[in-house]
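Chemist: structure for this input, please:
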Amino acid sequence: MSAPASSSVPLSPNSIPGAPEVTQAPEQVPSTPHPSPPLGELPEPSHSATAPIADNNNPNPQHNRPPTAEMSASEPADKETNSTNQIWASLKLSLKGLGSASRVFPHLASAASILLECFDGLEKAARNLSDHEDLASELTNLIESLEAHTKTTRSPSMTKCISGITIKIKQQAEEIAKMRTRDAVGRFLVAEADEENVTNLSMSTWSATNAQLVERLLDALKPVQQAAYDSTLASTVGRRSCTEGTRINIMSELNNWARDSQAPAIFWMNGMAGTGKTTIACTFSQVLEEGKQLAASYFCTRTTAECKDVTRIIPTIAYQLARYCIPFQSSLCEVLGEEPDLGSKNIKKQFKRLLRDPLVQSAEAMPEDLVIIIDALDECEDHTGVELILDLLFQHARTFPLKIYLTSRPEPEIYNRMAPHSHVREVIHLHEIEKSLVQADIELYLQAELTLASPSASDIDELVHRSGALFIYAATLVRYINSGKRLADPHKRLRSVLDMVQGITTHHTQIDALYSAILESVLNDDELEPDEKDDVREVLRTVLLAQEPISIETITTLSGINNPKRVVLAIQPLRSVLHQSEQTGVVSTLHASFPDFMFSSERSEAYFCDTVKHSHTLAERCFLAMQEQLRFNICELETSFIPDTAVNGIESRIKEKIPPPLTYVCRYWGSHLALASKSEALLMMLNDFICHRLLFWMEVMNLRRETGTYLATLVMAKQWLNQPGPTSPKLPSSPVHTAYLHLIASTLSSIELSLSELLEPNSRAARAQGKPD
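Modeler: The predicted structure follows:
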């Protein structure tokens with residue numbers, strides 16, 4: 001029987017994590033009055049001349065009757081009967097084995113027993129229906145998978161999963177048994193309905209079982225959900241599609257490439273900062289999704305740690321592909337059944353096992369014209385990882401049943417990987433497109449967005465000229481003119497932009513001049529008091545150095561302003577370069593070109609943001625915030641003997657007791673420390689944190705299920721301590737090393753340890769936090 005329409009697929013015995021390869025049920029079946037022969041040992045019917053042929057109408061068949069043509073014609077039917085016998089015998093044997101092997105799951109043993117009692121009647125009722133025979137074969141494979149897994153599973157989560165499945169199997173076995181208890185007349189009247197009900201019940205169990213197993217396998221990949229083109233992060237960072245009527249030629253070229261089966265497998269859209277790569281990628285994603293061609297999308301961005309982590313690209317793409325395409329899902333689940341932790345392996349192994357192997361295996365069954373989109377590869381931090389992914393894509397893309405669309409700046413590590421492969425990729429250099437075509441699109445964009453300022457045709461022409469080929473220049477102009485500090489007049493702002501003195505010497509000058517003019521208009525504004533200008537500077541530096549989009553409350557904590565209303569007022573004049581999400585209220589930089597400008601002393605000059613200096617300040621404020629807010633049993637749980645997930649209302653408690661500012665500083669204090677200069681002040685703060693609040697910090701991360709941050713954060717602290725600079729006799733290395741070593745041990749153990757057990761009894765940190773010697 002074919003698989004029902006479902007988001008999941010049937011798993012073979014070998015696709016379940018931890019299950020050994022199953023070739024035959026190994027259990028000895030207890031003797032019964034009429035035992036069914038094992039699969040493969042059924043006697044072959046005899047067709048010799050001396051063998052009597054049974055006939056219901058003739059109880060005394062003739063002996064030594066010679067073969068006839070009529071007898072020869074019956075041979076295929078005999079073989080078909082033998083095959084049917086084997087199918088049902090195999091199912092019965094599997095049910096017996098499952099019942100005897102399911103002591104850990106009593107519901108499963110009970111269900112197997114109920115089905116065995118009904119077996120003979122069900123077999124007779126279904127023997128003449130081929131779909132029932134197919135179902136029997138499917139159920140046999142599934143039972144063997146479950147039986148193998150009940151013997152080998154050690155994972156609590158998988159045990160819980162199997163337990164849920166077995167309860168459902170028992171419930172439906174009981175429904176089948178009820179049908180068998182009707183009297184003869186009742187069974188006769190509803191026999192046909194029963195056949196359909198039995199099939200539906202069996203298929204429901206089959207589907208539910210596979211759905212749960214597939215979910216477990218795919219979730220283990222730990223995909224980055226926010227990397228999708230239409231995630232909530234897209235609105236948070238202000239991602240948008242092209243204005244209607246713009247980029248028509250480019251979109252036409254991309255659509256033709258996607259549909260052309262002879263076109264190269266890879267398309268590289270590259271361009272300098274601000275040329276519109278991400279906007280085009282977002283628009284292309286929408287078009288592909290509407291045409292059911294978008295297989296997966298991964299939009300890299302510096303604004304979140306996950307989305308700039310190159311090691312998450314392949315697992316996330318594999319996850320999305322499995323959600324989109326059932327044949328790929330089936331192949332991927334077989335791989336994950338053998339190696340469920342592939343999501344944490346190195347990039348090369350991820351690529352081979354999570355992408356290449358399943359794609360090749362499922363190629364013939366996959367839809368045509370599928371496209372994977374990866375945007376802004378240059379925003380990933382690990383350049384070596386980016387180079388490796390590009391090498392692997394160029395090596396294998398021609399064998400894939402889909403295409404890959406990539407965008408990036410022409411950074412050396414990317415350009416050098418792309419250049420030698422002109423025969424297997426297409427390319428558009430956005431900054432090299434004929435300027436008149438780009439400016440025509442920018443003109444349409446400005447006309448659509450500047451209606452409030454009522455610009456004249458000559459005003460638009462001047463703004464288009466100044467934008468050159470940079471859409472980000474036009475976009476920043478729009479934001480500056482339309483939304484500024486307090487209740488700024490769009491007409492007045494338009495005039496101030498047009499009055500700017502222009503001079504072009506380098507390819508950065510246009511955007512640099514605009515950013516400088518915006519900052520000058522804010523920080524030299526006579527309407528702002530000196531303390532208000534200081535607030536603007538603090539907010540700007542805080543957002544620039546933040547490791548993710550952050551809330552007003554978090555900015556208040558990190559900036560040292562300590563008044564949310566002052567923070568809100570400071571953001572108002574910066575809306576040309578900062579973006580605040582309407583949905584979540586979090587704040588981030590509008591475009592990657594602005595941090596580039598601010599972190600370059602040559603380009604930003606008086607407005608330069610010194611990463612080392614201001615990271616030192618942010619690290620100090622992280623330690624101060626944790627000193628004020630961390631405490632033992634922060635969520636006031638009644639007992640430590642109940643898992644956090646089993647506590648009623650735990651999510652609301654976490655939200656109340658661990659607000660966004662505390663969440664941020666607990667997650668990223670190590671990142672800010674790693675970028676800071678080494679000083680005695682920070683050494684003392686780190687010492688105080690490790691000796692008095694380390695366990696409380698770990699408790700917070702455990703409650704938020706971010707235990708993976710433990711090790712990475714302490715590694716950064718350890719590396720910072722090893723940097724040249726002052727040392728403190730009050731900070732011996734033992735606390736950090738002790739925590740570091742114990743955390744390694746804890747990550748290798750599947751047992752949830754008490755936080756108080758993670759440190760040695762005689763360590764300074766343990767003594768300071770109340771652990772007895």
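
Chemist: let me see the domain layout of the chain.
Modeler: Following automatic domain parsing, one gets these domains for the chain: 1-21+78-219, 225-432, 434-499, 518-608, 611-768.

Chemist: out of these, nearest to Gln510?
Modeler: Judged by C-beta to C-beta, the one of the domains of the chain that comes nearest to Gln510 is domain 434-499, at 5.5 Å. Bear in mind the C-beta positions are built from the backbone N, C-alpha and C, glycine included.

Chemist: what distance separates the opening and closing residues of that closest one?
Modeler: 27 Å (C-alpha to C-alpha, to the nearest Å).

Chemist: again, but for stretch 427-439
Modeler: End-to-end distance (C-alpha to C-alpha), stretch 427-439: 21 Å.

Chemist: what does it contact?
Modeler: Contacts with stretch 427-439, where a contact means C-beta atoms under 8 Å, 6 or more residues apart in numbering, come from 249-250, 253, 267-272, 275-277, 280, 410, 418, 464-465, 467-469, 471.

Chemist: how about a cut-off of 7 Å?
Modeler: Asn249, Ile250, Trp268, Met269, Asn270, Gly271, Met272, Thr275, Gly276, Lys277, Val464, Ala469 (C-beta atoms under 7 Å, 6 or more residues apart in numbering).

Chemist: check for me that the third one belongs to a helix.
Modeler: In other words, Trp268. No: assessed with DSSP: H, G, I helix; E, B strand; the rest coil, Trp268 is strand; it does not lie in a helix.

Chemist: just to check, it is in contact with Leu406?
Modeler: Yes: between Trp268 and Leu406 there is a contact under C-beta atoms under 7 Å: 5.0 Å.

Chemist: for the strand or helix carrying Phe696, give the mean pLDDT please.
Modeler: Assigned by DSSP states H and E, Phe696 belongs to helix 694-703. Regarding helix 694-703, the rounded mean pLDDT is 90.

Chemist: after it, which helix or strand is next?
Modeler: helix 708-721.

Chemist: give the buried residues for that following helix.
Modeler: Thr709, Tyr710, Thr713, Leu714, Val715, Met716, Ala717, Trp720, Leu721 (16 or more other C-beta atoms under 10 Å).

Chemist: quick check: closest non-adjacent residue to Asp341.
Modeler: Of all residues not flanking Asp341 in the chain, Ala220 sits nearest, at 6.9 Å (C-beta to C-beta, 6 or more residues apart in numbering).

Chemist: cool, Pro490 as well?
Modeler: Ala453 (4.0 Å).

Chemist: what two of the contacts of stretch 427-439 are the furthest from one another?
Modeler: Comparing all pairs in the contacts of stretch 427-439 by C-beta to C-beta, the longest separation belongs to Trp268 and Val464, at 27.5 Å.

Chemist: related to what we said a few turns ago, pLDDT score for the residue nearest to Pro490?
Modeler: 88.

Chemist: can you get me a residue count around it?
Modeler: Using other C-beta atoms under 10 Å, Ala453 has 19 other residues around it.

Chemist: that one contacts Arg495, correct?
Modeler: No: assessed by C-beta under 7 Å, Ala453 is found out of contact with Arg495, at 9.1 Å.

Chemist: please, which helix or strand holds Ala296?
Modeler: strand 294-299.

Chemist: for that strand, name the packing helices and strands.
Modeler: helix 277-290, helix 313-324, strand 371-375 (3 or more C-beta pairs under 7 Å, 6 or more residues apart in numbering; DSSP states H and E).

Chemist: what's next to the last one, contact-wise?
Modeler: Translated: strand 371-375. Residues from elsewhere that reach strand 371-375, judged by C-beta under 7 Å, 6+ apart: 229, 258, 278, 281, 284-285, 288, 293-300, 313, 317, 402-407.

Chemist: rerun that using 8 Å as the cut-off
Modeler: With contacts defined as C-beta under 8 Å, 6+ apart, strand 371-375 is touched by 229, 258, 277-278, 281-282, 284-285, 288, 293-300, 313, 317, 321, 402-407.

Chemist: residues of stretch 472-483 that come out buried?
Modeler: Ile472, Tyr473, Ala474, Ala475, Thr476, Leu477, Val478, Arg479, Tyr480, Ile481, Asn482.

Chemist: now the strands for the stretch 451-600 of the chain?
Modeler: Counting by DSSP state E, counting those that start in this stretch, the stretch 451-600 of the chain has strands at residues 578-580, 587-589.

Chemist: so what are the sheet partners of the first one and their directions?
Modeler: So that's strand 578-580. Under the criterion DSSP bridges, strand 578-580 sits next to strand 587-589 (antiparallel) in its sheet.

Chemist: identify the residues contacting the strand it pairs with?
Modeler: With contact meaning C-beta under 8 Å, 6+ apart, strand 587-589 is reached by 236-237, 303, 543-544, 546, 548-552, 555, 571, 577-581, 595.

Chemist: let me see the mean pLDDT of that strand.
Modeler: Mean predicted confidence for strand 587-589 is 92.

Chemist: stretch 283-296 now?
Modeler: 95.

Chemist: tell me which residues in that stretch are buried?
Modeler: Thr283, Phe284, Ser285, Val287, Leu288, Gln293, Leu294, Ala295, Ala296.

Chemist: JSON lines please, covering the residues you listed and showing distance to Ser436.
Modeler: Formatted as JSON lines, these follow (distance: C-beta to C-beta, whole Å):
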{"residue": "Thr283", "distance to Ser436": "21"}
{"residue": "Phe284", "distance to Ser436": "23"}
{"residue": "Ser285", "distance to Ser436": "27"}
{"residue": "Val287", "distance to Ser436": "25"}
{"residue": "Leu288", "distance to Ser436": "28"}
{"residue": "Gln293", "distance to Ser436": "31"}
{"residue": "Leu294", "distance to Ser436": "32"}
{"residue": "Ala295", "distance to Ser436": "35"}
{"residue": "Ala296", "distance to Ser436": "35"}
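
Chemist: among these, which one sits closest to Asp441?
Modeler: Thr283 (12.0 Å).

Chemist: for the closest one, what are its contacts?
Modeler: Taking C-beta under 8 Å, 6+ apart, one finds Ser241, Cys242, Arg247, Met251 in contact with Thr283.

Chemist: quick check, the second one in a helix?
Modeler: No: with three-state DSSP as the criterion, Cys242 is located in coil rather than a helix.
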